[in-house]
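K.L.:
3D, please:
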Amino acid sequence: MDPVTHGLVGLAVASVSEEPILGAVSIGTTLAAMLPDLDIVMQCKGHLSYLKNHRGISHSILFLIGISLLIAGILTFIFPNTPFLKVLVWTIAGGLSHSLLDVLNSYGAKLLWPMRQKRYSGELLLSFDPVIIGLSLYMVFLNPSNSRIVTLKAGLIFLGYLLLRWMLKMNIYKEIFYQFGQKITIKNIKLLPAMTSIHKLHFIFRNKGKIYSRTSKYFK
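P.N.:
Sure, this is the predicted structure:
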């Protein structure tokens, strides 16, 4: 996801708390939702170094808890009337929203570093997803007036959206094996939702050292 989307999602998370939009909670969740992408500093060592380290340590649960403790400590010093534990809990939630969204797209994230070096990837969401942006704006602007109902609606729509994309993903897997599985042995399938069209999806797989790449539509 891009930094703007992560920031909006952080504000959407804060809106559930019913705290002031410029209070410690909303600032904490927004900062925590955007800070993991500071690993862009690795670009100074070259593009390859950046790609190798992006969504690594800074996207792990351990790092998110650590940075949330720091953010919460600073914010409760600035906003002494807001309890530290409350700011911390919501700040961690904002940070987790970043990594979980990144896990749901194709590049993934090392969520369990350092215990596991695996990059988890759901291959469901676009890097710039208009549905996620729309739901976040809906929550940010409407939650203060009727928090529980707005949150419930947004949550159900989000879960339904994920379910739909998961079903479409399974359909693409079936299509790949139907078109190619009878002729070759398919290994390491990677799905990449198209940036320019929500109903298209790129897929890549390997067979005996040869790489196959195609674009498929969800609906024919």
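K.L.:
Mind checking the pLDDT average for the longest helix along the chain?
P.N.:
Scanning the chain for the helix with the most residues, using DSSP state H, yields helix 147-180. Across helix 147-180, pLDDT averages out at 85.
K.L.:
what helices or strands is that helix leaning on?
P.N.:
helix 3-16, helix 130-142, strand 187-193, strand 200-207, strand 210-217 (3 or more C-beta pairs under 8 Å, 6 or more residues apart in numbering; DSSP states H and E). C-beta: built from backbone N, CA, C; applies to glycine.
K.L.:
what number of residues lie near the closest residue to L162 other than its chain neighbours?
P.N.:
In space, and not counting its chain neighbours, L162 is closest to L124: 6.2 Å by C-beta to C-beta, 6 or more residues apart in numbering. Neighbours of L124 under the rule other C-beta atoms under 10 Å: 20.
K.L.:
now I204
P.N.:
Neighbour tally, I204, other C-beta under 10 Å: 14.
K.L.:
swap in G122?
P.N.:
18.
K.L.:
contacting residues for the nearest residue to it once chain neighbours are set aside?
P.N.:
Sequence neighbours aside, L104 is the residue nearest to G122 in space, at 4.3 Å (criterion: C-beta to C-beta, 6+ apart). By C-beta atoms under 8 Å, 6 or more residues apart in numbering, the contact set of L104 is G122, L124, L125, L162.
K.L.:
Could you measure from the second one over to L100?
P.N.:
L124 sits at a distance of 11 Å from L100 (criterion: C-beta to C-beta, to the nearest Å).
K.L.:
Next up, the contacts around W90.
P.N.:
Counted by C-beta under 8 Å, 6+ apart, W90 has contacts V13, A14, S17, E19, V25, G28, T29.
K.L.:
so the last one is in which element?
P.N.:
Here T29, judged by DSSP states H and E, is contained in helix 24-34.
K.L.:
what angle separates that helix from helix 130-142?
P.N.:
With axes from the mean of the first three to the mean of the last three C-alpha atoms, to 10 degrees applied, the angle from helix 24-34 to helix 130-142 works out at 170 degrees.
K.L.:
who's in contact with helix 24-34?
P.N.:
3, 6-7, 9-11, 13-15, 17, 19-20, 64, 67-68, 71-72, 75-76, 78-79, 82, 86-88, 90-95, 97-98.
K.L.:
Show the pLDDT at the residue nearest to K110 when sequence neighbours are not counted.
P.N.:
Leaving aside its sequence neighbours, K110 sits nearest to G56 (C-beta to C-beta, 6+ apart; 4.9 Å). We have a pLDDT of 83 for G56.
K.L.:
my read: G56 touches W113, true?
P.N.:
Yes - the pair G56 / W113 is scored as a contact, 6.4 Å apart, by C-beta atoms under 8 Å.
K.L.:
Out of the contacts of L104, which is nearest to M170?
P.N.:
L124 (11.0 Å; C-beta to C-beta).
K.L.:
and the closest one, what pLDDT?
P.N.:
84.
K.L.:
May I have the residues that are in contact with it?
P.N.:
L104, N105, L162, R165, W166, K169, P193.
K.L.:
how about stretch 107-121: buried residues?
P.N.:
G108, A109, K110, L111, W113, R119, Y120, S121 (16 or more other C-beta atoms under 10 Å).
K.L.:
would you turn those residues into a markdown table with distance to K174?
P.N.:
A markdown table is the format used below for those (distance: C-beta to C-beta, whole Å):
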| residue | distance to K174 |
| --- | --- |
| G108 | 23 |
| A109 | 27 |
| K110 | 30 |
| L111 | 28 |
| W113 | 33 |
| R119 | 25 |
| Y120 | 23 |
| S121 | 20 |
